[in-house]
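Q: Mind folding the following:
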Amino acid sequence: MESKILIDGTWAEFKNLNIWYEHKRVLNNINLKLRLGENTVLIGTNGSGKSTLIKTIARIKYPIVDKESFIKIFGKNHINIWELRTKIGFLFSEIDTRIKGNMLTKDIILSGYQGTFGVINRNLIGTKEKQNLEELMNSLNLIKVSKYYSQLSDGQKRRVLIARSIINNPLVLALDEPTNMLDLRSNYELLNNLSNLSKNGITLLYTTNNIENIIKETNRVIFLKEGEIILDGTPEKVITSENISNLYDFNIAVRNIGGYWRTSPA
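A: Now for the predicted structure:
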């Protein structure tokens with residue numbers, strides 16, 4: 001079954017997905033296929049359901065059980081959490097709150113091997129793992145950062161958490177609002193990191209509420225509004241002034257400047 005999925009390219013499939021939270025429908029009748037090699041962004045306002053969709057893939061949120069609906073990850077209705085972590089890396093903003101400031105930066109990255117947050121069994125860390133760590137830190141410009149996590153800037157912390165998410169060399173990296181709360185420089189640095197990860201073969205799935213955070217390597221844009229998919233297509237087809245204005249219920253002018261999307265009030 002898995003070889004068929006890889007040939008088809010589908011790594012995640014949702015059919016008639018419905019999720020409720022605190023008596024409110026967060027996702028409504030989601031039908032969707034996500035494919036390897038197809039970088040996809042979920043865009044919408046806060047509360048549109050985009051974060052919930054990624055948390056459903058991570059098995060943090062669970063849908064209403066219905067015989068007419070299903071979720072398949074790499075062709076499986078049920079996937080072991082450890083197997084999931086070897087194929088998909090996840091980055092959620094709340095992960096930062098689970099890390100103590102006195103933790104060592106390198107230990108936090110290495111803890112991705114064991115699914116912990118900085119506390120690692122050093123007996124399981126060999127030469128291969130240490131070499132992978134150094135290569136990751138170099139590629140994400142983390143070699144010269146502080147020894148302790150608490151002394152890092154917000155941008156550096158975010159890159160450390162990305163390194164932790166991909167330490168297992170996953171096929172897919174799923175990120176929820178990866179640029180949230182970053183200053184302008186850190187924002188652009190992180191977007192550049194995501195572009196490089198894509199060029200190195202990692203398929204990206206990420207959320208944003210700002211089209212200016214959509215990287216050039218994005219192949220597919222999905223508009224979510226009030227828990228429903230209202231548009232799905234290539235950036236060139238779906239990112240228009242009319243569509244963005246409808247998504248946010250506000251008149252917005254959209255331009256593409258050198259492959260980057262920019263907005264202004266219409």
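Q: all contacts plus neighbour counts: C-alpha atoms, from now on.
A: Will do.
Q: And I57, how close does it get to K72?
A: For I57, the distance to K72 equals 9 Å [CA to CA, to the nearest Å].
Q: Looking at those two now, which is surrounded by more residues?
A: I57 (20 against 17; other CA atoms under 10 Å).
Q: Need the nearest residue in space to that one, chain neighbours excluded.
A: Among residues not flanking I57 along the chain, I73 sits closest, at 7.6 Å (CA to CA, 6 or more residues apart in numbering).
Q: pLDDT on the longest helix along the chain, on average?
A: Scanning the chain for the longest helix, with DSSP state H as the assignment, gives helix 184-199. For helix 184-199, mean pLDDT rounds to 96.
Q: Point out the other helices and strands that that helix packs with.
A: helix 154-166 (3 or more CA pairs under 8 Å, 6 or more residues apart in numbering; DSSP states H and E).
Q: tell me the angle the helix it packs on makes with helix 184-199.
A: Between helix 154-166 and helix 184-199, the angle formed by their directions is 20 degrees, by axes from the mean of the first three to the mean of the last three CA atoms, to 10 degrees.
Q: residues in contact with the most centrally placed residue in the chain?
A: The geometric centre of the chain, computed from its C-alpha atoms, lies nearest to L175 (CA atoms, centre = their mean), at 1.7 Å. Taking CA atoms under 8 Å, 6 or more residues apart in numbering, we find L175 in contact with 54, 90-92, 204-207.
Q: switch to 7 Å and redo it
A: 90-92, 205-207 (CA atoms under 7 Å, 6 or more residues apart in numbering).
Q: neighbours around T240, how many?
A: 16.
Q: how far away is it from S264?
A: 12 Å.
Q: and if you look at L171?
A: For L171, the distance to S264 - CA to CA - is 36 Å.
Q: sorry, back to before: can you list contacts of the longest helix of the chain?
A: 140, 155, 179, 204, 215, 217.
Q: that older thread, list the residues that contact both of T240 and S264?
A: V254.
Q: in terms of contact, does the residue nearest to I57 touch T10 like I think?
A: No - the pair I73 and T10 does not pass the contact test of CA atoms under 7 Å, sitting 8.6 Å apart.
Q: Now do the same for E129: helix, strand or coil?
A: In the three-state summary, E129 is assigned as helix, counting by DSSP: H, G, I helix; E, B strand; the rest coil.
Q: how many neighbours does N123 have?
A: 6.
Q: and if you look at V160?
A: 23.
Q: Nearest residue to it in space, please, no chain neighbours.
A: I109 is the one closest to V160 (CA to CA, 6+ apart), at 6.4 Å.
Q: so the one you found sits in a helix?
A: Yes - applying three-state DSSP, one finds I109 inside a helix.
Q: That one reaches I166, doesn't it?
A: No - with contact defined as CA under 7 Å, I109 does not count as touching I166 (8.9 Å).
Q: Between which two of the contacts of helix 184-199 is the distance greatest?
A: Pairwise distances across the contacts of helix 184-199 peak at 21.0 Å for G155 and E217 (criterion: CA to CA).
Q: Have a look at the two and say which one is more surrounded.
A: Applying other CA under 10 Å to G155 and E217 shows that G155 carries more neighbours, namely 21 against 16.
Q: Tell me who's in contact with the more buried one.
A: Counted by CA under 7 Å, 6+ apart, G155 has contacts 182, 186.
Q: now do 10 Å
A: 178-190 (CA atoms under 10 Å, 6 or more residues apart in numbering).
Q: And these, which of them are buried?
A: 178-179, 182, 186-190 (16 or more other CA atoms under 10 Å).
Q: Now that we have those, can you turn them into CSV and tack on distance to I252?
A: Below are the buried ones among the contacts of G155 laid out as CSV (distance: CA to CA, whole Å):
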residue, distance to I252
P178, 23
T179, 21
L182, 23
S186, 25
N187, 22
Y188, 22
E189, 26
L190, 25
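Q: List the residues that are in contact with both of I109 and I166.
A: Joint contacts of I109 and I166 (CA under 10 Å, 6+ apart) are L136.
Q: Using CSV, write out the CA atom coordinates for stretch 118-134.
A: Taking C-alpha atoms only, stretch 118-134 is exported to CSV below (Å, rounded to 0.1, in the frame of the first residue of the first chain):
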residue,chain,number,x,y,z
GLY,A,118,15.8,18.8,25.7
VAL,A,119,16.1,15.8,28.0
ILE,A,120,18.0,13.1,26.0
ASN,A,121,19.5,9.7,26.6
ARG,A,122,23.1,10.4,25.5
ASN,A,123,23.7,6.6,25.1
LEU,A,124,21.5,6.7,22.1
ILE,A,125,23.4,9.6,20.4
GLY,A,126,26.2,8.3,18.2
THR,A,127,28.6,9.7,15.7
LYS,A,128,26.0,9.7,12.9
GLU,A,129,23.6,11.7,15.0
LYS,A,130,26.2,14.2,16.1
GLN,A,131,27.3,14.7,12.5
ASN,A,132,23.7,15.3,11.4
LEU,A,133,23.4,17.8,14.2
GLU,A,134,26.5,19.8,13.0
